[in-house]
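Q: Sharing a model that was predicted from the sequence below.
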Amino acid sequence: MKVFVALLLLVQLLSYKAVRIRPHGPLNLRVIDCDDPESEEAAAVALNYINAHHPHGYKYALNSIEKIKVLPRRPFGEIFMLELDLLETMCHIVNPLPIENCTVRPLTEHVVEGDCEVKLLKLDGKLSVLSSKCHSTPDSAEDVTEICADCPILALLNDTRVINAVDLALAKHNKEHDGAYLRLLEIGRAQIQHLPDSVSVEFAVVVTNCSTKDAQDHVDDCQPLPEDLTQFGFCEAAVTSKDNVRVSCAIYEHQPGVTHRHLIHDHLGGQLPTLALGVKHHDLRHFHHGSVHDKSQSSSAEIPVGLQSPNPVVKRDVGAVLDPAISHPPIDPTPQKFPVCPGRIRHFQV
């Protein structure tokens, strides 16, 4: 009889160890899908933040939401953790066009893909970015030539042929236009094609306080307009020889409050920052803390939704198992719901 009781106790103990129960105190964890409207809203806020803090190169568009985690935050609100897949657009950061109206660069033009991790706070229904970390990578040359054997691939931004092509293109524009003299602000991208031999370049410019006629006599005195009048522009050019240059520039209206000081400080005159030497694109790589600082603690050290079961294994001693006077948390038979991720692809898979 004693052996039977001992076996019964052992079986009950093992069964309680195997049962998954909800810990004391609800965690209020929420599971939402990557294509849920709430996920889309968080991604839109994150994307605007990323583009506003990207110091060089081009704006990025959302391609897909890869992962999302929603965590409770003490004492109020929730933390959203997003992983986003982005694609470079044809809008340079000096272009005032909203990202919704910017065209994603096609695969045949050697696309650049961005990957970002963004942490947001949702409080009183409002989303704000706590931090973001990004990097970007051009598609491989092999993948480009596989879909388009004759398509040019990205060239080094500091390639002498690229710099020469930019100089020729900007000189031609300034010579043929009677307006304000333009100075080179930043080389955005370049592609070199052989047979026929040509260099395609894209570059940002800044409007100076000189006319093109005045610049002929004292070009070194031509400086960007004051910040309350600053104007930027963007040029595209194709150069096959010194005498065969095609260039087109768009000058944007003054944007109140937009100065791009970092561009003027880092790049004015076409000088590439040390970090940009020997690269083919302006990396999206950055880490930013948002304007909102989360000083509170997320519940259970920010337990991620969908990654941790809401019913962890809890060990109970034999006395607790057998004593009917001790209340136990109810067993939750509800199956765990995992988020449907990654979300839909808006443009194309790289």
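A: Yes, it's here.

Q: just the strands in the chain please.
A: Ranges of strands in the chain, per DSSP state E, are 58-72, 78-92, 112-123, 126-138, 153-154, 180-193, 198-211, 232-241, 244-251, 286-289.

Q: beta partners for the residue nearest the centre of the chain?
A: Geometric centre of the chain, nearest residue: residue 116, 4.7 Å, by C-alpha atoms, centre = their mean. Note on residue 116: beta-bridge partners by DSSP bridges are residue 84, residue 134.

Q: do residue 232 as well
A: residue 206.

Q: any idea how far it lies from residue 61?
A: 21 Å (C-beta to C-beta, to the nearest Å). No exception for glycine: its C-beta is placed from N, CA and C like everyone else's.

Q: Specify which residue of these two has the higher count of neighbours.
A: Set side by side, residue 232 and residue 61 show more neighbours around residue 232, with 28 against 22, by other C-beta atoms under 10 Å.

Q: I figured the more buried one hits residue 207, correct?
A: Yes: counting by C-beta atoms under 8 Å, residue 207 is a contact partner of residue 232 at 7.3 Å.

Q: got any residues that touch both of these two?
A: The contact sets of residue 232 and residue 207 overlap at residue 251 (C-beta atoms under 8 Å, 6 or more residues apart in numbering).

Q: Enumerate every residue touching residue 45.
A: So residue 45 contacts 120, 127-129 (C-beta under 8 Å, 6+ apart).

Q: Contact partners for the residue lying closest to residue 213 once chain neighbours are set aside?
A: Nearest non-adjacent residue to residue 213, counting by C-beta to C-beta, 6 or more residues apart in numbering: residue 178, 7.2 Å away. Each residue near residue 178 by C-beta under 8 Å, 6+ apart is listed here: 211-213.

Q: which among those residues end up buried?
A: For the contacts of residue 178, a burial check counting by 16 or more other C-beta atoms under 10 Å picks out residue 212.

Q: Least confident of the contacts of residue 178?
A: Lowest pLDDT among the contacts of residue 178: residue 213, with 90.

Q: Tell me how far that residue lies from residue 184.
A: Taking C-beta to C-beta, one finds residue 213 at 19 Å from residue 184.

Q: in stretch 218-229, what counts as buried?
A: For stretch 218-229, by 16+ other C-beta under 10 Å, it's 222, 224.

Q: tell me how far the ends of it are from each other?
A: From its first residue to its last, stretch 218-229 covers 22 Å (C-alpha to C-alpha, to the nearest Å).
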